[in-house]
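K.L.:
Sequence first, then the predicted structure, then my questions.
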Amino acid sequence: MAKRRARPLNDRRSAAAAQEDTARRPLIGQTADGLLRIGYVAGSHGLHGALRVRTDDPGSTTLGSLGRLLVETAGGGGRREFKVLGVSALSAGNQRVVLEGIGDADAAEALRGGVVMVAATDLPPLKEGEFYYFQLVGAEVMLTDGRRLGSIEDIMSTGAHDVWVVRDGEREVLVPVIDDVVKAMDLAARRVTIEAVPGLLD
C-alpha cells in the first residue's frame with residue numbers, strides 16, 4: 001500500500017483534475033478508526049458499474065483478497081461501505097473492481113476521485129519477512145554509525161524499488177529500499193537502520 005505525492009494545484013486546472021489530485025495525496029498509516037488508504041477511484045470501467053481503481057502501490061494485490069472496502073468521497077458524499085464482488089487487473093496499478101450496489105456507469109462515475117480504504121483487521125495475514133507499508137509510518141531511521149536520520153513520513157514506488165521519504169524538521173532524504181542501503185528493520189521497535197552510501201546524504 002504505497003503512495004503518491006500530489007502535484008500542486010493551480011487555478012487553471014479543472015475541478016475534476018483538482019479532485020483527482022486530492023485523491024492521489026498519500027494517507028499512509030491507520031486512521032483513528034483503523035482504516036487504511038490503498039488507492040482511489042480513477043473512474044468507471046465499462047457500462048455495468050465496474051470501477052477502475054488506481055492503487056497507491058502498483059504491485060498491490062490486496063483488493064483481490066478482501067470482501068469489503070470503503071469509498072470516501074469529497075463534497076458531502078461521505079464514507080460508504082461496499083461488498084466486493086470481483087477484482088481483476090487492468091494494468092500496472094489499475095484494477096477493475098465490481099461492488100455490490102453499483103450497477104451502471106453513472107453510479108460508478110459518482111465515486112470518481114473517492115479514496116479507497118480498507119479495515120486493517122481485514123488484511124490477509126503476513127508471511128515470514130513480509131510487512132505492510134503502514135507499519136513503517138513514523139518509524140525512526142538510524143544510520144549504522146548511530147546517528148539518527150529522521151522518521152519515515154511517506155513511501156513511494158519507483159517500479160524498480162521503493163523509496164522512503166525520511167524527514168527531520170525541514171530536512172528531507174530519499175532513501176532507496178535496496179539491500180546496499182537498508183541493513184536492519186525492527187517493526188516492533190519501529191526502527192530501521194541504513195547505510196549512508198555515497199551520495200545518499202548530499
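P.N.:
Received the coordinates, thanks. Numbering: from 1, shown residues only.
K.L.:
All the strands of the protein, in order from the start?
P.N.:
When secondary structure is read from DSSP state E, the chain shows strands at 35-45, 50-55, 68-73, 78-91, 94-99, 115-119, 140-143, 148-157, 162-168, 171-176, 182-186, 191-194.
K.L.:
Could I get these in JSON lines, plus columns for mean pLDDT, distance to residue 133 and mean neighbour count?
P.N.:
For the C-beta atoms, the positions are set from N, CA and C on the backbone; glycine is no exception. Output for the strands of the chain, formatted as JSON lines (pLDDT from 0 to 100; distance: least, Cβ to Cβ, whole Å; neighbours: other Cβ atoms under 10 Å):
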{"stretch": "strand 35-45", "mean pLDDT": "92", "distance to residue 133": "9", "mean neighbour count": "23"}
{"stretch": "strand 50-55", "mean pLDDT": "94", "distance to residue 133": "11", "mean neighbour count": "23"}
{"stretch": "strand 68-73", "mean pLDDT": "93", "distance to residue 133": "17", "mean neighbour count": "20"}
{"stretch": "strand 78-91", "mean pLDDT": "93", "distance to residue 133": "19", "mean neighbour count": "13"}
{"stretch": "strand 94-99", "mean pLDDT": "95", "distance to residue 133": "17", "mean neighbour count": "21"}
{"stretch": "strand 115-119", "mean pLDDT": "92", "distance to residue 133": "13", "mean neighbour count": "22"}
{"stretch": "strand 140-143", "mean pLDDT": "96", "distance to residue 133": "15", "mean neighbour count": "18"}
{"stretch": "strand 148-157", "mean pLDDT": "89", "distance to residue 133": "5", "mean neighbour count": "19"}
{"stretch": "strand 162-168", "mean pLDDT": "92", "distance to residue 133": "8", "mean neighbour count": "19"}
{"stretch": "strand 171-176", "mean pLDDT": "94", "distance to residue 133": "14", "mean neighbour count": "15"}
{"stretch": "strand 182-186", "mean pLDDT": "92", "distance to residue 133": "13", "mean neighbour count": "14"}
{"stretch": "strand 191-194", "mean pLDDT": "95", "distance to residue 133": "13", "mean neighbour count": "19"}
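K.L.:
Using the record's assignment, carve this structure into domains.
P.N.:
The chain breaks down by automatic domain parsing into domains covering 15-122, 138-194.
K.L.:
My understanding was that residue 57 contacts residue 133; is that so?
P.N.:
Yes - if you go by Cβ atoms under 8 Å, residue 57 and residue 133 touch, sitting 6.8 Å apart.
K.L.:
Residue 166 versus the residue of the chain most remote from its centre, what's the distance?
P.N.:
No residue in the chain sits farther from the centre than residue 145, which is 31.3 Å out by Cα atoms, centre = their mean. Between residue 145 and residue 166 the computed distance is 16 Å (Cβ to Cβ, to the nearest Å).
K.L.:
contacting residues for residue 49?
P.N.:
By Cβ atoms under 8 Å, 6 or more residues apart in numbering, the contact set of residue 49 is 98-99, 102-105, 107-108.
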